[in-house]
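A.B. asks: Can you look at this prediction? I've put the sequence above it.
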Number of protein chains: 2
Amino acid sequence: MSDVEQLRQQMEKQGDLVRELKAARAEKAQVDAQVAVLLALKDKLKIASGGGEAEAPKKKGSGGGEAFVLKVPKGTKDYSPKEMSVRTEIFRTIVSVFEKHGAVTIDTPVFELKEVLVGKYGEDSKLIYDLKDQGGEECSLRYDLTVPFARYVALNKIANIKRYHLAKVYRRDQPAITKGRMREFYQCDFDIAGSYDAMIPDAECVRVAVDVLSQLDVGKFVIKLNHRKILDAIFEVSGVPADKVRAISSAVDKLDKVSWAEVRREMTDEKGLDAAVADRIGEYVQISGNGEVVLAQLQALPELMASTKAQEGVKDMGLFFKYAKIYGILDHVSFDMSLARGLDYYTGVIYEAVLVEENVRPATTEAPAAASTKKSSKKGKGDDEDESQVRVGSIAAGGRYDGLVGMFSSTMHAKGKKTDVPCVGISFGVERIFSLVMARKEKQEIKANRTQVYVISFGDKSENSLLEERMRIAAELWDAGIAAEFAYKLVPRRDAQYDACDKSVIPWAVIIGNTEIDQGVVKIKNMAHKDELEKDGVVVARSLMVAELKQRLQI
Amino acid sequence: MSDVEQLRQQMEKQGDLVRELKAARAEKAQVDAQVAVLLALKDKLKIASGGGEAEAPKKKGSGGGEAFVLKVPKGTKDYSPKEMSVRTEIFRTIVSVFEKHGAVTIDTPVFELKEVLVGKYGEDSKLIYDLKDQGGEECSLRYDLTVPFARYVALNKIANIKRYHLAKVYRRDQPAITKGRMREFYQCDFDIAGSYDAMIPDAECVRVAVDVLSQLDVGKFVIKLNHRKILDAIFEVSGVPADKVRAISSAVDKLDKVSWAEVRREMTDEKGLDAAVADRIGEYVQISGNGEVVLAQLQALPELMASTKAQEGVKDMGLFFKYAKIYGILDHVSFDMSLARGLDYYTGVIYEAVLVEENVRPATTEAPAAASTKKSSKKGKGDDEDESQVRVGSIAAGGRYDGLVGMFSSTMHAKGKKTDVPCVGISFGVERIFSLVMARKEKQEIKANRTQVYVISFGDKSENSLLEERMRIAAELWDAGIAAEFAYKLVPRRDAQYDACDKSVIPWAVIIGNTEIDQGVVKIKNMAHKDELEKDGVVVARSLMVAELKQRLQI
């Protein structure tokens, strides 16, 4: 990378960091410090690029050798082979749990008709990526996998399905360096659609979350639970006007990011809520902890329990905790009145899994400056956790959404009767899990290929190349299902071939020279253990090579 | 699906078919027949929808229950669980071959900066999907995986890599019903980048193609080969002016779709080529067949061999066929002067794999009308194959592109020296392979889930539900890594539970009733073979249930 380009990338990251700090209303001193870093980078860049404007990559097309800064779009990233090896392993673990619970998988297009996404995401709709209108239909990139799933269920008139879907989703959000928040990122979703008895699929979704997070070994986590109906009842009995419920709910949802004082200020100053009403809400949303304890606490509040909604929600949660006990997941869950979840479509139980350990590490793409900022602004655990802590911590979320499929069914049948298919599901945010696993693995050697054997030749003369013999051996290995490589050179250097084995962590080598060819043998050498007993390899007849290797590879 | 909606979809497909026939300059009678079908559908739709305009779905947003036709965007499709099961298996086979040849995998964003794609696809650039400019960078969906790969290699300054990438690409093409041509579709690419000795990686790419197509069992196929330099020499010695070479090359590329007479007409009438020049080209492009025979034919043409380019190309192909022989793939390849390949970036060997069997079946999404048209317009094999035959037949293609990475390196280093990384690769068009495999599998039962055990309870009374016991057993099975399901009902019907096993092809059942609970046992029953010896299942102690199942499942 050229100096100029490196500086530009640093500057861009620093700019993101500053915007992010401002958005999070960080302390002025902290913002000023980072702005100073940004200005210093700007100066450096001006010098390095020979003066002139430094902010934006220049767009001059790719012809003629003019510079546009080659990069991936903002908020997206490439995955290297080693990263892909880790990602594939994470996906394999997640899929194995989903399949253990009987789920099938589907795939849907990366873009949907714009109408499908309209009116599903509330305020966040502004983050939807639209395709340019190039003649034809208006389309948008999917924002999540839940709405396309509901569309799929409605379009195909499916009465029940348990499906998983691992795919990328797209949000035109401000990419957040400290939080691993990307514009293109994977979601891994597990959902159960169908009319069933209360809370049975709901409890299984949370069990799936526990299974996945335990098997991925991401550290200690807790799954916060709440119920939309209880939350609605709280707002009702606190005296929130009906037209303010969504706005107030979205303010409460920020309690994992900002203090109660700040949320209260937003409710009263920005959203015009009566101070006494806000204070009543404040008392309710502090309630959290062990399921049965919280249930008892709620049932001891006659004002709240007078609400039918509260009764329904409490009854659901009673069942939920009974089933959660059978599933052995009580240790991992917490019943938390401050959990509100942003999306409009939830109708029942809602949940969010957060990491509670100090093992919350920065994303691998993070700039050093950002990492230190994050650490310095970290305050502690619990309800006072600061933004960076909680945001990196949140790794899965979901809930029940009984009305979403019906929204499509009703639009589909102009005259028709509306058919609801109740759904509940959980979505894993894999980028964060990926960062954690990568951080843990970095010290180890990651083998990105699956090559088992490297075919080496010695003593080649350019007039008497052994290339063809290496090719012949490789073809024989491929035919036998053995993964094999060799140097794509007529006369490769001895060292280069050994280096290739080391670099690609290839466990076995087949070695030939003129002597071996004359005698009709090959040398087989263990490159992984560099076995002292077989330091120079073992010599086997060429005709026994495949059998010998299969035995050593245990295939 | 409502009648109106069904009609609309039929009409849309029929419209596509008509446009397609026109574009392919089909016989007038054939076009007229399909237009008549279209008009009849239009009339039907007018009646069904109660008169009024019938062409386009009305856009009224999704609110208020107004009808917009719920569907996926044109040229895209959903994959059902059974289709996904088949697709996953195809991918697994392809990946296993790629990994057998030592490839690692990477991932790149689904969209790239617009500048990255500009100037790479010639005339086809008009098919690129752009994202709407919503403030920020201008981006486009990837058109293939080759250009993003070259961008990745340049951006990360990689000197050599052998990588595979399975991902969706996007083309705003007219979706072609008869050809399985989609706007969103998967490509499976294998590429070798790096400076190596001539034709070694090239021959391996074709070996990879043979391995993949053989293992997927798609029927008889042939891989047509040619060399860009030989083709350029042919145009040169035939007397094509330098500024017409690309246009003439793209006309020749149509020889697998239309007759020589038609291509000749395009060259002379549309592209203003001298008739004598066209005739000279005509003689060259007829040459095809066995590699060594064609090489000898070319070498016997002094006019052609006077060209340095032809000499270089012939030398390359000589090496290629030598290596292809060692790799045991000569039976699958044909050296064909009429293969031109559309894309600009190829610089050396080019190839395309086509099916030659009558097993070329229509895509599963195809409408019946389209299928019969396709069959009736099918003429035969060889160079006279009609469009539908060849297009469905083409299932993989690729070649050498030595300049593409350099295009990015030069844009990256404003002052810098240009670094070329020579590349060669192959891309599999999976939708077509998928259609073939699906068509073959349709009669068989496809198990889309991996559930091993279904937990059944009998004799539940609503006052004495066995739900919790089923949950307890399922949790125990999950803990042991066994994939298990049960009915999400308090009191499920006996038949419904058996039906669930059959429908999901679940091989084993654990059955409990009040008797079994009292005695501390469970019944284990084979649901797949319905074993006569164990017709009613075997009774085992509850404590031995997991061990017994593991033994039967061989895990």
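C.D. replies: Arrived safely, thanks for sending.
A.B. asks: Wait, a strand at residue A:188?
C.D. replies: Yes: assignment of residue A:188 by DSSP: H, G, I helix; E, B strand; the rest coil places it within a strand.
A.B. asks: Pretty sure it sits against residue A:430.
C.D. replies: Yes: look at residue A:188 against residue A:430 with Cβ atoms under 8 Å: they come within range, at 5.6 Å. All C-beta spots, glycine's among them, are computed from the backbone N, C-alpha and C.
A.B. asks: tell me, what's touching these two both at once?
C.D. replies: Common contacts of residue A:188 and residue A:430, defined by Cβ atoms under 8 Å, 6 or more residues apart in numbering or on different chains, comprise A:91, A:94, A:166.
A.B. asks: quick one: which helix or strand includes the first one?
C.D. replies: Looking back up the chat, that one is residue A:91. helix A:81-100 (DSSP states H and E).
A.B. asks: now that helix against helix B:81-100, angle please.
C.D. replies: Relative orientation of helix A:81-100 versus helix B:81-100 (axes from the mean of the first three to the mean of the last three Cα atoms, to 10 degrees): 150 degrees.
A.B. asks: Show me which residues of helix A:81-100 are buried.
C.D. replies: A:81-87, A:90, A:93-95, A:97-100 (16 or more other Cβ atoms under 10 Å in any protein chain shown).
A.B. asks: and if you look at stretch A:514-534?
C.D. replies: Going by neighbour count (16+ other Cβ under 10 Å), the buried part of stretch A:514-534 is A:516, A:521-527.
A.B. asks: and if you look at stretch A:314-325?
C.D. replies: Using 16+ other Cβ under 10 Å as the test for burial, stretch A:314-325 gives A:314, A:316-317, A:319-321, A:323-324.
A.B. asks: Strands of the stretch 101-250 of chain A, start to end?
C.D. replies: Listed in chain order, the strands found in the stretch 101-250 of chain A under DSSP state E, counting those that start in this stretch are A:104-105, A:111-113, A:139-141, A:161-170, A:184-193, A:221-227.
A.B. asks: can the fourth one be found next to chain B?
C.D. replies: Yes: legend: contact between strand A:161-170 and chain B by Cβ under 8 Å from any Cβ of the partner chain is shown at A:161-163, A:168, A:170.
A.B. asks: do the second one as well
C.D. replies: Yes: with Cβ under 8 Å from any Cβ as the threshold, strand A:111-113 lies in contact with chain B, specifically through A:111-113.
A.B. asks: for the record, mean pLDDT for that strand?
C.D. replies: For strand A:111-113, mean pLDDT is 98.
A.B. asks: packing partners for it?
C.D. replies: Secondary-structure packing of strand A:111-113 (3 or more Cβ pairs under 8 Å, 6 or more residues apart in numbering or on different chains; DSSP states H and E): strand A:139-141, helix A:146-155.
A.B. asks: pull the helix or strand with minimum mean pLDDT from chain A.
C.D. replies: Between all helices and strands in chain A, the lowest mean by mean pLDDT, DSSP states H and E belongs to helix A:368-376, at a mean of 36.
A.B. asks: So what's the residue count around residue A:457?
C.D. replies: Residues lying near residue A:457 (other Cβ atoms under 10 Å in any protein chain shown) number 26.
A.B. asks: Contact partners for it?
C.D. replies: By Cβ under 8 Å, 6+ apart, residue A:457 lies in contact with A:466-467, A:469-470, A:492, A:497, A:511-513.
A.B. asks: what residues go with each domain of chain A?
C.D. replies: Taking automatic domain parsing as the reference, chain A has its domains at A:3-65, A:81-220+A:356-441, A:453-553.
A.B. asks: Need the pLDDT of residue A:452.
C.D. replies: With respect to pLDDT, residue A:452 scores 97.
A.B. asks: Can you get me a residue count around the nearest residue to it once chain neighbours are set aside?
C.D. replies: Spatial nearest neighbour of residue A:452, excluding adjacent residues (Cβ to Cβ, 6 or more residues apart in numbering or on different chains): residue A:483 at 4.7 Å. Per other Cβ under 10 Å, the neighbour tally for residue A:483 reads 21.
A.B. asks: For residue A:352, see how far away the nearest residue to residue A:122 once chain neighbours are set aside is.
C.D. replies: Once flanking residues are discounted, residue A:122 sits nearest to residue A:344: 4.8 Å by Cβ to Cβ, 6+ apart. Here residue A:344 is placed at a distance of 16 Å from residue A:352 (Cβ to Cβ, to the nearest Å).
A.B. asks: Which of these two has more residues huddled nearby?
C.D. replies: Shown here are residue A:344 and residue A:352; by other Cβ under 10 Å, residue A:352 has more neighbours (25 against 18).
A.B. asks: pLDDT score assigned to the closest residue to that one other than its chain neighbours?
C.D. replies: Excluding its sequence neighbours, the residue lying closest to residue A:352 (Cβ to Cβ, 6+ apart) is residue A:397, at 4.3 Å. Predicted confidence (pLDDT) for residue A:397: 95.
A.B. asks: Direction included, what does the helix or strand containing residue A:397 pair against?
C.D. replies: Element membership for residue A:397 (DSSP H and E) is strand A:394-401. Strand A:394-401 has its sheet partners listed here by DSSP bridges as strand A:349-355 (antiparallel), strand A:423-429 (antiparallel).
A.B. asks: pLDDT below threshold where in the stretch 201-350 of chain A?
C.D. replies: A:342-343 (pLDDT under 70).
A.B. asks: Which single residue in it comes nearest to chain B?
C.D. replies: Residue of the stretch 201-350 of chain A nearest chain B, by Cβ to the nearest Cβ: residue A:326 (4.7 Å).
A.B. asks: Before I go, just wanted to say thanks for your time.
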